[in-house]
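Chemist: dropping a prediction and its sequence here:
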Number of protein chains: 2
Amino acid sequence: MTTPKVEVYGPGYHPSQTKHHEWRTVENSATHLLPHLERLGRANPRLRVLDVGAGSGTITASLTRYLPSEGTILATDVSDDILDRARTHAEAQGPDVSRRISFQRASVYELPFPDGAFDVVHAHQVLCHLASPAEAVREMLRVCAPGGVMSLRETDMGMWCFWPAREELEQFRQLTTDVLVANGGQAEGGRRLLSWVLQAGAERADVEAGFGTYCYSAPQDRRTWGGSMIDRLRTGQMRDKGFELGLVTERGIEEMIRAWEDWMAADDATMGIMNGEVIVKKK
Amino acid sequence: MTTPKVEVYGPGYHPSQTKHHEWRTVENSATHLLPHLERLGRANPRLRVLDVGAGSGTITASLTRYLPSEGTILATDVSDDILDRARTHAEAQGPDVSRRISFQRASVYELPFPDGAFDVVHAHQVLCHLASPAEAVREMLRVCAPGGVMSLRETDMGMWCFWPAREELEQFRQLTTDVLVANGGQAEGGRRLLSWVLQAGAERADVEAGFGTYCYSAPQDRRTWGGSMIDRLRTGQMRDKGFELGLVTERGIEEMIRAWEDWMAADDATMGIMNGEVIVKKK
């Protein structure tokens, strides 16, 4: 297999990176999966879910709310450290959550499971960090059982918008994009998701393609999101990588931080992100 | 009042413009309103809805499915011609739909109704065609009853994406944007919707701001959308205005048409549009 193996997660696990991830739940990040989860769960009380690249595990934990009585989730990631954090999060939610989830280190390119081992295979913002997303999709499809579904959601760095308009926020978006690509990732995953799935062997008639959004505008959401972005600029991997690649200066970073602070303080502040969402029904 | 009065709809009513509008329903274009419509309808069987700038009236007609027993809709527009078409559409849906809807020509800047005359005030892709959107919002808020809601949804021309990538499709997006602005409209309504609503006097705590999307990707949706875009390039107002303003050449138009034809034929074709969505709870 000639696939470049990504055995590290490009952005790393500094709190400035993961803090915002911990805000994610199935309710704000995977609603496209819910009708399928409920449909499959009605037919099969022992539903088996694989959550690939589960990271901080907050979506994983929230998925347990939608499982049938004996349903279980296996959460994978390439890092034992982040899986430890995901386990801690699951345990903090109580035994009704933690007893349903197990954790295993695995590369999405070589999932250590037999064909058709899971009824639902889910990945959120995973493919955008990979050099060969279609190969990862092929492997996820392999472990999905006939009659089951694969569920994907990926951001599109070309589909971020800010208000009030500030040049520094556009520069931030560009820096984020450039660092993502420099780490071997994909900038336009949202719009390309369907093409990756077809490259991986799915047929168009078995695919539902759509888009979903994040909106950061309410005061609490502005504080959480803006605070995370400022943390990334102050201490995150995008700062170090931005300097290393000559993409940004110390002064540029400071100007971006001030722009985020102004944005957080503005009553009419809005930020939108559009994500691609795909459901594949495995034949 | 010094507001520039828009007594015409910039894009006009050529079939190349309206054909795509007729695809719109509350299910694909106003889901953000539905929970509020159901909540208010449970409390008030005689719910009064105002649909401002109703155009072809397909959203209006579909809204009747969510009204309480004695609920009614008044649909306005600046053109008697388009209201006649909307009436014909409503009648074609049968008496259960048409008996609930009445039609009246009106400018959104001077709605001929008393304060608080409606429980729900709705407008879809109306503000983006106006020179003074915040003044229109102020007038819509005036006719909304305390305890009722105003519901808005507006596109954002900066938030369109295409796959497969084609320079001609980006040129099409730019031409659409330039013609919209030349007609006196607003290019970034999606991200600015909240700011217009606050300028119109709403308080931030009474506003729910979010985003919703259109995805054209399934074969039937590609045919409908791509076909409409080609019609606009062949016979629509954007063609005439584009020539008049020197924005495009005959050859440029032909290249865009070919790009749309290729897009319609591609199995992995995807197009996404992000719209701003706002609910204001009137105090």
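Modeler: That came in fine, so what should we check first?
Chemist: quick one, phi psi at A:Met140?
Modeler: Here is the backbone geometry of A:Met140 (degrees, to the nearest 10): phi -70, psi -40.
Chemist: give the contact list for the closest residue to it other than its chain neighbours.
Modeler: Leaving out its chain neighbours, the residue that sits closest to A:Met140 by C-beta to C-beta, 6 or more residues apart in numbering or on different chains is A:Val121, at 4.8 Å. Where you see a C-beta, it was placed from the backbone N, CA and C, and this is true even at glycine. Residues near A:Val121 by C-beta atoms under 8 Å, 6 or more residues apart in numbering or on different chains: A:49-50, A:52, A:140-141, A:143-144, A:148-151.
Chemist: A:Val121 sits in which helix or strand?
Modeler: strand A:118-124 (DSSP states H and E).
Chemist: what's the answer for A:Gln220, then?
Modeler: Here A:Gln220 is assigned to helix A:219-235, by DSSP H and E.
Chemist: and if you look at A:Ser151?
Modeler: strand A:144-163.
Chemist: list the buried residues of that strand.
Modeler: Neighbour-count burial for strand A:144-163 flags A:144-145, A:148-163 (criterion: 16 or more other C-beta atoms under 10 Å in any protein chain shown).
Chemist: okay, and the helix or strand of chain A with the least pLDDT?
Modeler: Counting by mean pLDDT, DSSP states H and E, chain A has its least confident helix or strand at helix A:15-21, which shows a mean of 77.
Chemist: helices or strands up against the very next helix or strand once past that helix?
Modeler: Counting by DSSP H and E, the next helix or strand C-terminal to helix A:15-21 is helix A:26-29. If you count contacts as 3 or more C-beta pairs under 8 Å, 6 or more residues apart in numbering or on different chains; DSSP states H and E, helix A:26-29 packs onto helix A:58-63.
Chemist: could you dump the helix it packs on to PDB, C-alpha only?
Modeler: Extracted as PDB, the C-alpha positions of helix A:58-63 are listed here (Å, rounded to 0.1, in the frame of the first residue of the first chain):
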ATOM      1  CA  THR A  58     -17.400  14.700  22.900                       C
ATOM      2  CA  ILE A  59     -19.400  13.800  19.800                       C
ATOM      3  CA  THR A  60     -18.800  10.100  20.600                       C
ATOM      4  CA  ALA A  61     -20.200  10.500  24.100                       C
ATOM      5  CA  SER A  62     -23.200  12.500  22.900                       C
ATOM      6  CA  LEU A  63     -23.900   9.800  20.300                       C
END
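Chemist: can you give me the helices in the stretch 1-150 of chain A?
Modeler: If DSSP state H, counting those that start in this stretch is used as the criterion, the helices of the stretch 1-150 of chain A fall at A:15-21, A:26-29, A:34-43, A:58-63, A:80-92, A:95-98, A:133-142.
Chemist: give me the number of residues near the residue nearest to A:Val26 when sequence neighbours are not counted?
Modeler: Excluding the flanking residues, the one nearest A:Val26 by C-beta to C-beta, 6+ apart is A:Ser62, at 4.3 Å. Neighbour count of A:Ser62, defined by other C-beta atoms under 10 Å in any protein chain shown: 18.
Chemist: just to check, A:Ser62 is in contact with A:Thr31?
Modeler: No. Counting by C-beta atoms under 8 Å, A:Thr31 is not a contact partner of A:Ser62; they are 11.2 Å apart.
Chemist: give me the pLDDT for A:Leu247.
Modeler: On pLDDT, A:Leu247 comes in at 97.
Chemist: let me fix that: A:Met1
Modeler: Looking at A:Met1, its pLDDT is 40.
Chemist: repeat for A:Lys5
Modeler: Model confidence at A:Lys5, given as pLDDT, is 53.
Chemist: how about the residue most central in space within chain A, what does it touch?
Modeler: Per C-alpha atoms, centre = their mean, the C-alpha nearest to the average position across chain A is that of A:Gln125, at 2.4 Å. Contacts for A:Gln125 (C-beta under 8 Å, 6+ apart) come out as A:53, A:153-155, A:275.
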